[in-house]
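# Give me coordinates for this.
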Amino acid sequence: MAKWTPKHEAPEPLEGPVVATIIGGTILWFVLFLVQVPFYGWFDDRDLTWWVWTCLAGAGLGLIGIWYVRKREAAIRRHAAARETETTPAPPADPQSPTGP
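Okay, here's the model as predicted:
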């Protein structure tokens, strides 16, 4: 059996409003949980309570995701700022300025 090798390069990762997307998904999961809670008895009668708990787990994992992507965005900004200060040359010293007393 031959080793599989990719035929194309991997595409660049999509960058966009990642934090907003995760927050929106988390809110959606939590709203779905809240909508299902009043009908818990109906779900329990049909042995479908896992639907309710899946929505709560989605909301909880979304909270972890919000924390993660916010830390990631902050790290990307710090890295970009550090790279910018490294590549920006320092202004030359003014030879006309007086030095010392």
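# Give the ranges of residues in this protein that sit below the confidence cut-off.
1, 88-95, 97-101 (pLDDT under 70).
# By residue count, what's the longest helix in it?
In the chain, taking DSSP state H as the definition, the longest helix is helix 49-87.
# Buried residues in stretch 58-78, which are they?
58-59, 62, 65, 69 (16 or more other CB atoms under 10 Å). The C-beta positions use only the backbone N, C-alpha and C, and glycine is treated the same way.
# Redo these as JSON lines? Include distance to Pro38.
JSON lines is the format used below for these (distance: CB to CB, whole Å):
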{"residue": "Gly58", "distance to Pro38": "18"}
{"residue": "Ala59", "distance to Pro38": "17"}
{"residue": "Gly62", "distance to Pro38": "22"}
{"residue": "Gly65", "distance to Pro38": "27"}
{"residue": "Val69", "distance to Pro38": "32"}
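# Could you single out the nearest of these to Thr49?
Using CB to CB, Gly58 is the member of the buried residues of stretch 58-78 that lies nearest Thr49, at 14.9 Å.
# looking at it, the closest one is touching Ile27, isn't it?
No. Contact criterion CB atoms under 8 Å: Gly58 and Ile27 do not qualify, at 10.6 Å.
# who are the neighbours in contact with Pro6?
With contact set as CB atoms under 8 Å, 6 or more residues apart in numbering, Pro6 has no partners.
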